[in-house]
Structures are given as C-alpha cells and as structure tokens.
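1. I'd like to go over a predicted model; first the sequence, then the structure.
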2 protein chains.
Amino acid sequence: MARRVERCSAEPADLSEAGIGEGVSEVIVTTRSASGEPNAAPVGVISESNRYFARLYEGSRTLSNVRETSKLAANVTSDAVLFVKSALGNLDEAEFSLFFSSSDSDYGFPVLSEASSWIIFETVFTESSLFQLTPVAVKISRKEVKAVNRGFNAVVEATILATRFGRAKDEGEKEETKKKMRFFAEIVEKCGGRREKEALSVLREKIKNYPSRL
Amino acid sequence: MARRVERCSAEPADLSEAGIGEGVSEVIVTTRSASGEPNAAPVGVISESNRYFARLYEGSRTLSNVRETSKLAANVTSDAVLFVKSALGNLDEAEFSLFFSSSDSDYGFPVLSEASSWIIFETVFTESSLFQLTPVAVKISRKEVKAVNRGFNAVVEATILATRFGRAKDEGEKEETKKKMRFFAEIVEKCGGRREKEALSVLREKIKNYPSRL
C-alpha cells in the first residue's frame, strides 16, 4: 500500500529512503494527459537540501501533461530497457499501473508496475523550464543490494546521447556524439547483463535511421 | 552475523541477492598478504551462469595477495570516494574490518566496514590472469532503493581512465583519455552529490602530477 505524504508545499522532505539522493537522480517520470493518457520519459530529479526540482523540455509530452495536471511521478528503476524505450518512444500500456487517491477520483495516476519505488509530486512552475516538486505520495516496493554495472550506466549515457543526436549543431558534433556512443556500446557489450544487452539492441533499432549506425 | 556458505567448489551459486548480478559487477576487492596486511582495489567480478571469475593484473597487490592466500572478498558499495581511493592507492586501516572464521584462526579476513554486502571467495587460477571464485561466506548489511546517479557512474569511469593513463601508448591516446576524463568530470560536477564531488577532488589530487590536469 502506498503511503500518502502530508501535503505541506515548500516544506523540505527527505526522499533518500525512496531512492532520491543528493545531486541529480535519473528516474523515469510518468505523467498523464487531462484525458488520462499515460506517458513515460527519463528525467533527472534535482535534489537541493531536500527540495526537489525537474527541468522539463518544451515540446515534450511530459511538459504538456504537467501543464494539464500539475503532477508527475518519479519512478526509481534499474531496468536498462525501460530507460531506452521511454527515452525514444513510450512504454507499453502493460508497463503502467494506476494509483488512485481521494483527490484523483476520475483517473488513477500512472506509475511503473516494476519500479523499485515511486514518488508522486505536485509540480509548480518556477522559472525557465524548471518545476519545483512537492511529494504527495510515496511507495517503496523493493530494496536490494546491487553492485555497479558499468553496462547499465553505459546504456543510460548512450540513451542520453541518442536523444541529443538530432539536436547536434554540425557534422563535427554529430561525429563526436557517435564516437561517444560507440565507446559506451563497447562497455555494454563487455560489462552488461542480458537486460543491458537487450537495451542496447532496442537502442540500435530505434536509431537505425541515423546517418551511420552505432 | 555473516552467513557461511556450504563449500562445494565449482557448484554454481546465485549471488544476485548479495548484489552480484549478470555481466560484470564492479566491486572493491579486499585481500590480505600472508602476514596479514590488508589491501583494497576495484575489480570487476564476472558472472556467467552463476559461476564467478575475476581477472587480476600482474604487478597488483591484489594478485600477489591472492597468490599467497587463495582468497578475496568482493565488497559491494556505492561510495564513490572508496572507489577512487582504492584504485589509486590503498584505504585507511579504519575502513577495514576483520571477518573471523574457523579456518582462519591466525588473522581475520579484511572486508570493508561500510560495504552494503560482501562475499568472501576462494580463488583458483584458471588461465591467463583469470581466477575462478567460489563463495565461502556472505554478509548482506544494507538493502536500499537508489536511483541512478550519473555523477557516481562518471566517477567510476574517470577512475578507470586514470588507472589506464600511465599505460597509454602514445600522446594521441593520452589526449583522448584526458578528453574523456574531462567529459566525465563535467557529469560529476553537474549530477553528483557531495560524495561524488569529494571523490572527484580526491581523483584530481591523486593525478595532479599528470602532464595536464583533469
């Protein structure tokens, strides 16, 4: 059962037990449109003295949904495939489950079924593309011990590079990006487990129309 | 209390609960010399169908200790500072604690006090620099949820590059390595928490005699 959090906007809250530590935490943010359509995308949640922020980009489904509902859920996961799929498309309906709260009577709020934990935040626009996040519900499903897998990290980095590739300002920057992506792909091949290698295949499939392959 | 593992050499064992997953798990390996001197260094533990291996490099203290005692402990941690310090030197005595078993009457075996989990392995040399690892004791101290921090991952990558820098075969390779290190340092500055930023400072301090600074 998820825990409702006392709503006290702008009060600092410690979310480290739910997996959001100091600095920037890479999570998969789930949102829904006003009509209830779920969306998932990787986002960095910024933690500064137990205050939380996220930068949401113009043109993204995440931003338009947040404008419609003033809510997002940060899902903590170490599933490499979910990062790639949500970065370069959307997730299958089956990946989502719905959290119902008394304030959310019409639609439930989408979270990831397989997340180790999730936090639902209310969002307030601050400046530029930055939103302040206030937690309103938290669920911790699975605690574990896990050694660093460089292959997993490399999938995250390669995915970020892939999403930026289209915005490269010239051929030189594109070449540099592809070189970095090959560097990370080699780490995935060398250090990844099955799930990381599957993520790399999905990434390669998604970007196969890029000028030259990863 | 640590759990002793049934000793059945060459029998597969599932260590995923202790944090050693598929592919290569980056851990801090602790060893001791015949005379009881402890050492710590980052090592990748390779998992293949629940069989475990580690590649140990000629000239390393880890290899000479393993030759003397046929044992190593894999410590799972997400402490960036421990990765840097153990990669480019040794850890302070205070970082170690000793595990005593009936077969280890003279000296305890060193493990890391702050590890989330550790596994003590018996080692058998196979071929080239590869050792097969058979677990003989396991301790899981702390399970948690933790979102990916790119800053932490970047510390691990920058540390690996730093250890390879001295072996670069020419100026071109050195320049390429420094460029990658700057790329990762930027990620640490942007995404890391306090511990990751401290790790970067330690790394910069350790390598300050390199031809040009990170």
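-> Great, that's in hand.
2. Just the residues contacting the helix or strand containing A:V156, thanks.
-> In the assignment (DSSP states H and E), A:V156 maps to helix A:150-165. Outside helix A:150-165, the residues that touch it by C-beta atoms under 8 Å, 6 or more residues apart in numbering or on different chains are A:26, A:42, A:78, A:80, A:83-84, A:87-88, A:174, A:177-178, A:180-181, A:184-185, A:187-193, A:196-197, A:199-200, A:203, A:206-207, A:210, A:214, B:23-24, B:26, B:44, B:148, B:150, B:153, B:156-157. Bear in mind the C-beta positions are built from the backbone N, C-alpha and C, glycine included.
3. how about that helix as PDB, C-alpha atoms only?
-> Extracted as PDB, the C-alpha positions of helix A:150-165 are listed here (Å, rounded to 0.1, in the frame of the first residue of the first chain):
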ATOM      1  CA  ARG A 150      29.100  -0.300 -16.000                       C
ATOM      2  CA  GLY A 151      27.000  -1.700 -18.800                       C
ATOM      3  CA  PHE A 152      23.900  -0.300 -17.200                       C
ATOM      4  CA  ASN A 153      25.500   3.100 -16.700                       C
ATOM      5  CA  ALA A 154      26.700   3.000 -20.300                       C
ATOM      6  CA  VAL A 155      23.100   2.300 -21.600                       C
ATOM      7  CA  VAL A 156      21.900   5.500 -19.700                       C
ATOM      8  CA  GLU A 157      24.700   7.600 -21.200                       C
ATOM      9  CA  ALA A 158      24.200   6.200 -24.700                       C
ATOM     10  CA  THR A 159      20.500   6.900 -24.500                       C
ATOM     11  CA  ILE A 160      21.100  10.500 -23.400                       C
ATOM     12  CA  LEU A 161      23.500  10.900 -26.400                       C
ATOM     13  CA  ALA A 162      20.900   9.400 -28.700                       C
ATOM     14  CA  THR A 163      18.200  11.800 -27.700                       C
ATOM     15  CA  ARG A 164      20.600  14.700 -28.300                       C
ATOM     16  CA  PHE A 165      21.900  13.500 -31.600                       C
END
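4. one step back: buried subset of the contacts of helix A:150-165?
-> A:26, A:42, A:78, A:80, A:83-84, A:87-88, A:174, A:177-178, A:180-181, A:184-185, A:187-188, A:191-193, A:196-197, A:199-200, A:203, A:206-207, A:210, A:214, B:23-24, B:26, B:44, B:148, B:150, B:153, B:156-157 (16 or more other C-beta atoms under 10 Å in any protein chain shown).
5. In strands only, show me the contacts of helix A:150-165.
-> Within the contacts of helix A:150-165, residues falling in strands by DSSP state E are A:26, A:42, B:23-24, B:26, B:44.
6. Of all pairs in the residues you listed, which one spans the longest distance?
-> Farthest-apart pair in the ones in strands among the contacts of helix A:150-165 is A:P42 and B:G44; separation 25.8 Å (C-beta to C-beta).
7. Per the annotation, how does chain A divide into domains?
-> Following automatic domain parsing, chain A resolves into domains at A:3-140, A:150-206.
8. Nearest to B:S116, out of these?
-> Going by C-beta to C-beta, the one of these nearest B:S116 is domain A:3-140, 13.9 Å.
9. quick revisit: point out the ones among the buried ones among the contacts of helix A:150-165 that are inside helices.
-> Judged by DSSP state H, these include A:80, A:83-84, A:87, A:174, A:177-178, A:180-181, A:184-185, A:187-188, A:191, A:196-197, A:199-200, A:203, A:206, B:150, B:153, B:156-157 as members of helices.
10. Which one of the domains of chain A lies nearest to B:P110?
-> The nearest among the domains of chain A, by C-beta to C-beta, is domain A:150-206 at 24.8 Å.
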